[in-house]
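**Q** Build me a structure from this.
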Amino acid sequence: MEDTLLLSRIQFAANISFHILFPSINIALCWLLVFFRIRTVRAGNGPEAREWEAAYYFWTKVFALTFALGVVSGITMSFQFGTNWPGYMEKAGNIAGPLLGYEVLTAFFLEATFLGIMLFGRDRVSQRVHLLASLMVAFGTTLSAFWILALNSWMQTPSGYQIIDGQFHVLSWWDVIFNPSFPYRLGHKLLASTLTVAFLVAGLSAWQLLRGTPHPGTRKALRAGITIAAIAIPLQILMGDMHGLNTLEHQPAKIAAIEGVWHTEKSAPLTLFGFPNEKEGRTDYAVQIPKLASLILAHDINAEIKGLNEFPNAHPPVAPVFWGFRIMVGVGVLMLAVSWSAAWILWRRSRRAGGQPSAKEPRALLWTLAAMTFSGWVATLAGWYVTEIGRQPFIIYGLVRTADVVADHSPGMVAATLVAWLLLYVILLGSYVAVLKYMAEHVETARAEPPSLDPLRPAPAGQKA
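**A** Got it, this is the predicted structure:
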C-alpha cells in the first residue's frame, strides 16, 4: 500500500505540475492583452497603433495555444480525484464539489462565452465590444484562480466546517472560501503569474530581436515585460513575507521543514545552504546566519521557532521542501536583479537618445532575457512543491492523512499509467515550447492599416494581421 501511495502522489504531482504551467501564463497574460488592446485604441492612427496592434495579435496567439493545453490538462487532473483519491471526495466532497462546480459555472463558462469574440472578432465587432470580450476573458481566468485557490487554501487551513460521521459539512461558506491562508495564497499566485508572463514576454521578444524576426510591436512588448517584472518582484517579496507569517501561525511544521529547524529554539539562525539529514535530525554542512530566521519569520530576533521535533510523525519530508524553497527564492532574487538591471539599462539608453527608445538593445541584455524566458515556471513549480509537499502527511491539514484516502490499486497499474502520463507530458511540453519558438521566428506581416478609430464601428472587413 505504501508503494501505491507514493506512486499515486507522484502521478498527481506530474499531472498538476504540467497543468499549472499554463494557468500560470494565462492568468496574467489576459490582462496584458487588455493593456495592449487599450493602448491600440488610444494610439489612434499612425505607427504606434500598428505596433500595439501587432503586439496584441502575436500574444493573442500565444494565449490561445496556452489556453488549449491548460483546459485539456485540467480535465485529466479532475478525473484523478475519483481514480486515485476516492476517499478524499467521500470525506470532503460536500466542500470540494461545490467549489469546483463554481469554478466551472462562473469562470470557465465566462471564458468560453467571450473567447471566440476575443480570438476571431476583431474584424467583425466594434472596438468597444472586442475590448469588452478581452476584459471578460481576463476576469474569467482570474475568477478561475480564485475558486481553485479557495479549495487548495481550505485544504491547507481548513475552517467553516463540521465533521459528521467522518464527512465534512459546511457551517459557513464565507469561512470556507476566505479561510486564514486564502488571501495570501491568492495574492502570491497572481503575482507569480504576473512575473511568469513578464519574463515570458520579455524573453520571447528578446529572442525575436536576436534572431532578426521582430514584429512591429516586439520592442513595445519587451519594454512592457521588463517594466512589469521590475514592479511586480518587490511586491512579490512583500507578499511572500506576509504569506510566511501566516504559514508560521497555521502550519509551523512546514516552516520548520523549510528552514531546516530540527529542534525548537529562540533566536533561530537562518540556514542559507546545507544538506538536510532527516535520519540524524540535522543539516549537514550548513551555512547559517545567527538569529536571522527568527527575525525574518516572526519579525522578532528573539522569537521562538518550533522545530521538527515538536511534530513526530506529522511533519513533511524535509529535503524537497528545504530545497524547493531555496530554488524559488533564488530564482526570485535573479528576477529582481535582471528586471531592475534591464530597466536601468533601457532607461539610460532612452535618456541618452532624448527620451526616445533606442533602436538596438545590448545583445548581452537580450541573451540574458532570453535565458530567463521560462524562469517563472521554475519558481512556480518550486513554490508549488513547497506548498503541497509541505502539507504532508495530510491531505486536509491536521485532519485527514493522505494515506487514508488513496485508492486501493496495485502498484504495477499506477506505475504503468504514470509512465504513460509522463511520456505524454514530455511530448506535449516539448511541442509547446517548439511551437512558441516557431511562432517567434515566423511572424506574420502586421496590419497595413491601423484599427478603426470609432469604438462603436467594426474594423474594416478583410484586413489581416
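**Q** remind me which residues of the chain are low pLDDT?
**A** Within the chain, the segments meeting pLDDT under 70 span 1, 352-359, 444-465.
**Q** ok, which stretches of it are strands?
**A** 161-164, 167-170, 265-266, 270-277, 282-289, 304-305, 394-396, 400-401 (DSSP state E).
**Q** got the contact list for residue 52?
**A** Taking C-beta atoms under 8 Å, 6 or more residues apart in numbering as the criterion, residue 52 is in contact with 36, 39, 40, 43, 217, 220. Where you see a C-beta, it was placed from the backbone N, CA and C, and this is true even at glycine.
**Q** just to revisit the earlier point, with mean neighbour count and distance to residue 155 as new columns, can the strands of the chain be given to me in CSV?
**A** Converted to CSV, those look like this (neighbours: other C-beta atoms under 10 Å; distance: least, C-beta to C-beta, whole Å):
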stretch, mean neighbour count, distance to residue 155
strand 161-164, 12, 11
strand 167-170, 16, 11
strand 265-266, 13, 30
strand 270-277, 16, 25
strand 282-289, 13, 29
strand 304-305, 17, 24
strand 394-396, 21, 5
strand 400-401, 18, 9
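**Q** between those, which one is nearest to residue 65?
**A** strand 394-396 (33.0 Å; C-beta to C-beta).
**Q** Work out the sheet partners of that closest one and label each with its direction, please.
**A** Strand 394-396 pairs in its sheet with strand 400-401 (antiparallel), by DSSP bridges.
**Q** Just list the residues touching residue 421, thanks.
**A** Counted by C-beta under 8 Å, 6+ apart, residue 421 has contacts 11, 14, 15, 76.
**Q** could you flag which of these are buried?
**A** When the contacts of residue 421 are checked for burial by 16 or more other C-beta atoms under 10 Å, the buried set is 11, 15.
**Q** taking the contacts of residue 52 one by one, which sit in helices?
**A** If you go by DSSP state H, the contacts of residue 52 have 36, 39, 40, 43, 220 in helices.
**Q** Out of those residues, who's the most crowded?
**A** residue 40 (26 neighbours; other C-beta atoms under 10 Å).
**Q** distance of the residue lying closest to that one once chain neighbours are set aside from residue 360?
**A** Spatial nearest neighbour of residue 40, chain neighbours left out: residue 52 (4.1 Å); criterion: C-beta to C-beta, 6 or more residues apart in numbering. From residue 52 across to residue 360, the span is 21 Å (C-beta to C-beta, to the nearest Å).
**Q** okay, the strands of the chain in CSV with distance to residue 64 next?
**A** As requested, the strands of the chain are exported to CSV (distance: least, C-beta to C-beta, whole Å):
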stretch, distance to residue 64
strand 161-164, 39
strand 167-170, 37
strand 265-266, 53
strand 270-277, 42
strand 282-289, 46
strand 304-305, 47
strand 394-396, 35
strand 400-401, 39
